[in-house]
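Undergrad: Here is my input; please provide its structure:
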Amino acid sequence: MARRPASLALRLTVSIGAVITVVLLTFGWMVERSINSHFVQQDVDELNAVVQSLTQSLSGPPASQEPDALKHRLAAAVSGHHNAQFRVSDIHGNVIYATPNSNLDSFARLASSVDRIDINSVTIWRDKGQTYRGAVVQLVQKGLQDGEPLTLAVATGINFHLHYLESFRSYLRIITVVACLVAILATWLAVYQGHAPIRRISREIRRIKSDQLDIRLVPDTVPVELTELAMAFNDMLDRIEDGFQRLSNFSADIAHELRTPITNLKTQTEVALSQARSLEQYREILYSNLEEYERMAKMVGDMLFLAQADNNQLKPELVSVDLAEEVQALFDYFEAWAEERSVSLIRKGPALCVQGDRLMIRRALSNLLSNAIRYTPSGQTVTVCLVVNSNDTIGIRVENPGLTINPEHLPRLFDRFYRADPSRQRKGDGAGLGLAIVKSIIDTHGGTITAKDEDGQMVFEIALPKATV
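TA: Okay, the predicted model is just below:
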């Protein structure tokens, strides 16, 4: 079973919440780095001040002075730096002076000497639960042994800084969690409120029923992001309403068309049973009933064909079809009927071939020809022209004089059961499915068909793809 996708509200809330969390954590990390860098710079400045003070003290009296006086002067040099510790030793490692209660011996041995103290040269180490930041520098002075450098190990305690940073991190975690929760809640409320138009559209859609297909969404009353959705939904409703209306009309037309032959059969049967009749009379009644059965069978067959076309179940067997041969064969078939009606049949144009199903194309041309012969006045001509169109398709024009059709009816000639002249619904005129079948066949072959009235001439134009070599 496929897992149901998460809701849009949850997706947006999680996504925005994650972004806000990352932003807050990044901001907190940057603030922490900035504070830490500030503390390091403070320590470096203090260490440099100590080094400067000691350098000035060592550049005082010559080396012949008493060691006690030098120690006193070195101790006084850092009297203003209560958090600083230092250790001065000579080139042989002998300690000249060290801050009382300090233990910088191991640090002086392990740390690398540097020329100057900056953020990148200081070192952190821990001793007896205390944390220090310091550096080891070489001093050249003239106060003791001329020319011999002294080693100065200087450090400052940073426990206060570390405690402050740890406290800041704790507060930052709490603030980040609270801010994330508030942001997620605010995001969820904003998303929920932002989805209000969708819920309103859903309520409007629920109002639409089969008897209310005229309801439409108003694109101007929805947010810009939903305008295209509203327009697409309205277009879908237009198609559904049109299809539903056509289906309703189709059902009504089927009932109407089937009612006539069924009524005829019922009436003829009742008349036949009303009294005793001769064998010849029964035979005539059966022949009459047979005509009605044939008419119903043809109607049912046509409707099944159209149903297959609607469901894309027509699978044409594509072959090269010679249109001139097919037209001539149909002329031969309709020749007797055309002579009976005094209608001439003429073909114009070269022999052309198309790619298609031979039986389907023959059926389409047969429907057009029978329709043309039926409505052509006596003494007139039905013309079939074969041409090559400019768009590299094969054109078939079926022309006949006769019934003048109002231009508003022309686009609907291919609708099922549609008749431009309802008064011509007499027996023998068919059920009004012939042109609908023609259009379905042409559409199945990837072609087009149009109907127009040219100076009293009814013209059906077909365009089909050329046969491939």
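Undergrad: Tell me where the stretch 1-150 of the chain is predicted with low confidence.
TA: Applying pLDDT under 70 to the stretch 1-150 of the chain picks out residues 1-2, 59-71, 77-82, 140-147.
Undergrad: so where do the helices sit in it?
TA: Assigned by DSSP state H, counting those that start in this stretch, the helices in the stretch 1-150 of the chain fall at 8-58, 67-77, 105-110.
Undergrad: Would you tell me which of those gets closest to Ser251?
TA: helix 8-58 (40.5 Å; CB to CB). Yep, even glycine has a C-beta here, placed from its N, CA and C like the rest.
Undergrad: tell me which strands and helices the closest one is in contact with?
TA: Counting contacts by 3 or more CB pairs under 8 Å, 6 or more residues apart in numbering; DSSP states H and E, helix 8-58 packs against helix 67-77, strand 84-89, strand 130-140, strand 149-157, helix 159-194.
Undergrad: wait, which of the ones you listed is closest to Ile285?
TA: Across those, Ile285 has its closest neighbour in helix 159-194 (75.1 Å, CB to CB).
Undergrad: Could you tell me how far that closest one lies from the centre of the chain?
TA: For helix 159-194, the separation from the chain centroid amounts to 35 Å (computed by CA atoms, centre = their mean, to the nearest Å).
Undergrad: and the angle from the helix or strand just after that helix to helix 159-194?
TA: Per DSSP states H and E, the first helix or strand lying C-terminal to helix 159-194 is helix 196-206. Helix 196-206 runs at 20 degrees relative to helix 159-194, counting by axes from the mean of the first three to the mean of the last three CA atoms, to 10 degrees.
Undergrad: List the buried residues of helix 196-206.
TA: Under the neighbour-count criterion of 16 or more other CB atoms under 10 Å, helix 196-206 has Ile201, Glu204 buried.
Undergrad: Let me know the average pLDDT across it.
TA: Averaged across helix 196-206, pLDDT comes to 83.
Undergrad: Tabulate the helices of the stretch 1-150 of the chain (CSV), appending mean neighbour count and distance to Arg259.
TA: Shown next, in CSV, are these (neighbours: other CB atoms under 10 Å; distance: least, CB to CB, whole Å):
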stretch, mean neighbour count, distance to Arg259
helix 8-58, 15, 53
helix 67-77, 14, 123
helix 105-110, 15, 111
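Undergrad: which stretch among the ones you listed comes nearest Glu280?
TA: Closest to Glu280 of the helices of the stretch 1-150 of the chain, according to CB to CB: helix 8-58, at 79.6 Å.
Undergrad: one step back: could I get the helices of the stretch 1-150 of the chain as CSV with distance to Glu204?
TA: Below are those laid out as CSV (distance: least, CB to CB, whole Å):
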stretch, distance to Glu204
helix 8-58, 19
helix 67-77, 86
helix 105-110, 78
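Undergrad: what helix or strand is the residue nearest the centre of the chain on?
TA: In the chain, the centroid-proximal residue (CA atoms, centre = their mean) is Leu229; its distance is 11.9 Å. Using DSSP H and E, Leu229 sits in helix 224-274.
Undergrad: as a whole number, average confidence for that helix?
TA: For helix 224-274, mean pLDDT is 81.
Undergrad: Packing partners of it?
TA: The contact analysis (3+ CB pairs under 8 Å, 6+ apart) places helix 224-274 against helix 196-206, helix 279-310.
Undergrad: and the last one, which residues are buried?
TA: For helix 279-310, the neighbour count (16+ other CB under 10 Å) marks Ile285, Asn289, Glu292, Arg295, Met296, Met299, Asp302, Met303, Phe305, Leu306, Ala309 as buried.
Undergrad: of those residues, closest to His161?
TA: Nearest to His161 among the buried residues of helix 279-310 is Ala309, at 84.8 Å by CB to CB.
Undergrad: Enumerate every residue touching that closest one.
TA: The contact partners of Ala309, by CB atoms under 8 Å, 6 or more residues apart in numbering, come to Ser440, Ile441, Asp443, Thr444.
Undergrad: measure Arg347 to Glu228 for me?
TA: Plainly put, Arg347 is 51 Å away from Glu228 if you go by CB to CB, to the nearest Å.
Undergrad: With neighbour numbers in mind, choose between these two.
TA: Legend: neighbour count by other CB atoms under 10 Å for Arg347 and Glu228, higher for Arg347 (16 against 11).
Undergrad: Return the per-residue confidence for the more buried one.
TA: Looking at Arg347, its pLDDT reads 91.
Undergrad: Renumber starting at 25 from here on
TA: Got it, the first residue is 25 from now on, which makes the last one we talked about Arg371.
Undergrad: Shouldn't it be within a strand?
TA: Yes - applying DSSP: H, G, I helix; E, B strand; the rest coil, one finds Arg371 inside a strand.
Undergrad: which ones are touching it?
TA: Residues near Arg371 by CB under 8 Å, 6+ apart: Ala348, Val351, Gln352, Phe355, Thr407, Val408, Cys409, Leu410.
Undergrad: With adjacent residues omitted, what lies nearest to the fourth one?
TA: With CB to CB, 6 or more residues apart in numbering as the measure, Leu369 is the residue that lies nearest to Phe355, at 4.8 Å, once sequence neighbours are left out.
Undergrad: partner residues bridging the one you found?
TA: Going by DSSP bridges, Leu369 is paired in beta bridges with Val406.
Undergrad: pretty sure it contacts Ala362?
TA: Yes - assessed by CB atoms under 8 Å, Leu369 is found in contact with Ala362 at 5.5 Å.
Undergrad: which neighbours do the two share?
TA: Residues touching both Leu369 and Ala362 (CB under 8 Å, 6+ apart): Ile397, Val406.
Undergrad: circling back: quick one: which of the contacts of Arg371 has the most company?
TA: Val408 leads the contacts of Arg371 on contacts (other CB under 10 Å) with 26 neighbours.
Undergrad: Kindly reformat the helices and strands packed on helix 248-298 as CSV containing distance to Pro124.
TA: Formatted as CSV, the helices and strands packed on helix 248-298 follow (distance: least, CB to CB, whole Å):
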stretch, distance to Pro124
helix 220-230, 74
helix 303-334, 104
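Undergrad: and of those, who's closest to Pro243?
TA: helix 220-230 (10.8 Å).
Undergrad: tell me the angle that closest one makes with helix 248-298.
TA: Here the directions of helix 220-230 and helix 248-298 differ by 10 degrees (the same axes, to 10 degrees).
Undergrad: related to what we said a few turns ago, so for Leu369 and Ala362, which sits in the more crowded spot?
TA: Set side by side, Leu369 and Ala362 show more neighbours around Leu369, with 22 against 19, by other CB under 10 Å.
Undergrad: what's the distance between the more buried one and Phe268?
TA: For Leu369, the distance to Phe268 - CB to CB - is 42 Å.
Undergrad: Val378 falls within a strand, correct?
TA: Yes - per three-state DSSP, Val378 lies within a strand segment.
Undergrad: Remind me which helix or strand the residue nearest to it when sequence neighbours are not counted belongs to.
TA: Of all residues not flanking Val378 in the chain, Leu488 sits nearest, at 4.4 Å (CB to CB, 6+ apart). Using DSSP H and E, Leu488 falls within strand 481-489.
Undergrad: So which elements touch that strand?
TA: For strand 481-489, the packing partners by 3+ CB pairs under 8 Å, 6+ apart come out as strand 377-380, helix 382-399, strand 417-425, helix 458-468, strand 472-478.
Undergrad: try it again with 6 Å
TA: Contact here means 3 or more CB pairs under 6 Å, 6 or more residues apart in numbering; DSSP states H and E; on that basis strand 481-489 packs against strand 417-425, strand 472-478.
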